[in-house]
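**Q** sequence unknown, structure follows:
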């Protein structure tokens, strides 16, 4: 006998099938490997720390897995001040764990601030270099600038690094963003590192001149013919952000 195109037997089986489907749905999430859930949360964290914190409130498993090192290693710190005006113990603990887990942005921030402050300079430089090895482009820019201040041998290395970052218009726009960010950091801290407070480094001994009338934004739109000259132009705004530096 049929009811609306379905046999009585099939209708009797429907509740059982529905229960099985519901059971499968409710158990599928808990059966996911921890590594997979951790990877999902790490991707969420890399996009937004706010979304990560919201995810932690969803369930106990998210809150537990969100403490994995890989999540802290990849979480975005874009919404955290590099130099906070007020100390927040919870924020400080969070950022410290990010550094322990080798989060590149956390390493870069602490490294560059401490280096220019003259605080634990060797350790600070090591943090910046770790961030560079992890693929942090802004840290690579800061490291190149630091090298330019580091004596003749390191200066040549820094010049080559800066030159390699400005091969196209898109790259030069990114360099300008990194330069502006570094200048903001320098203006927010008390720069005390004697290595960068001496005489302004000169990368080009010749007097090459740009087209008269070009402003700072226009200088970023073109590539200098001379590596040393381009480096002098690049390092100039950084030096201007430093206190008591001689020309």
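**A** On my side now, so go ahead. As the structure is a prediction and not an experimental result, all values here were calculated from the model.
**Q** now the residue nearest the centre of the chain, what's its secondary structure?
**A** Closest to where the C-alpha atoms of the chain average out (Cα atoms, centre = their mean) is residue 105, at 3.7 Å. The three-state label given to residue 105 by DSSP: H, G, I helix; E, B strand; the rest coil is helix.
**Q** which residues touch it?
**A** 76, 77, 98, 131, 136 (Cβ atoms under 8 Å, 6 or more residues apart in numbering). Yep, even glycine has a C-beta here, placed from its N, CA and C like the rest.
**Q** Was I right to think the last one contacts residue 102?
**A** Think residue 136. No: between residue 136 and residue 102 there is no contact under Cβ atoms under 8 Å: 10.9 Å.
**Q** In terms of neighbours, single out the busier of these two.
**A** residue 136 (22 against 17; other Cβ atoms under 10 Å).
**Q** Now do the nearest residue to the more buried one once chain neighbours are set aside: how many residues are near it, please.
**A** What sits nearest to residue 136 in space, not counting adjacent residues and going by Cβ to Cβ, 6 or more residues apart in numbering, is residue 104, at 4.0 Å. If you count neighbours by other Cβ under 10 Å, residue 104 ends up with 22.
**Q** which residues in this protein form helices?
**A** 8-28, 34-47, 49-56, 60-65, 69-74, 89-100, 104-117, 121-133, 137-148, 152-164, 169-188, 216-219, 227-240 (DSSP state H).
**Q** Redo those helices as TSV? Include mean pLDDT.
**A** Putting the helices of the chain into TSV (pLDDT from 0 to 100) gives the following:
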stretch	mean pLDDT
helix 8-28	54
helix 34-47	95
helix 49-56	95
helix 60-65	94
helix 69-74	97
helix 89-100	96
helix 104-117	97
helix 121-133	97
helix 137-148	96
helix 152-164	92
helix 169-188	95
helix 216-219	49
helix 227-240	88
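**Q** So which of those is nearest residue 204?
**A** With Cβ to Cβ as the measure, helix 227-240 is the member of the helices of the chain nearest residue 204 (2.9 Å).
**Q** helices or strands next to the closest one in the packing?
**A** Under the contact definition 3 or more Cβ pairs under 8 Å, 6 or more residues apart in numbering; DSSP states H and E, helix 227-240 sits against helix 137-148, helix 152-164, helix 169-188.
**Q** Could you check the angle the longest one makes with helix 104-117?
**A** By that I understand helix 169-188. 50 degrees (axes from the mean of the first three to the mean of the last three Cα atoms, to 10 degrees).
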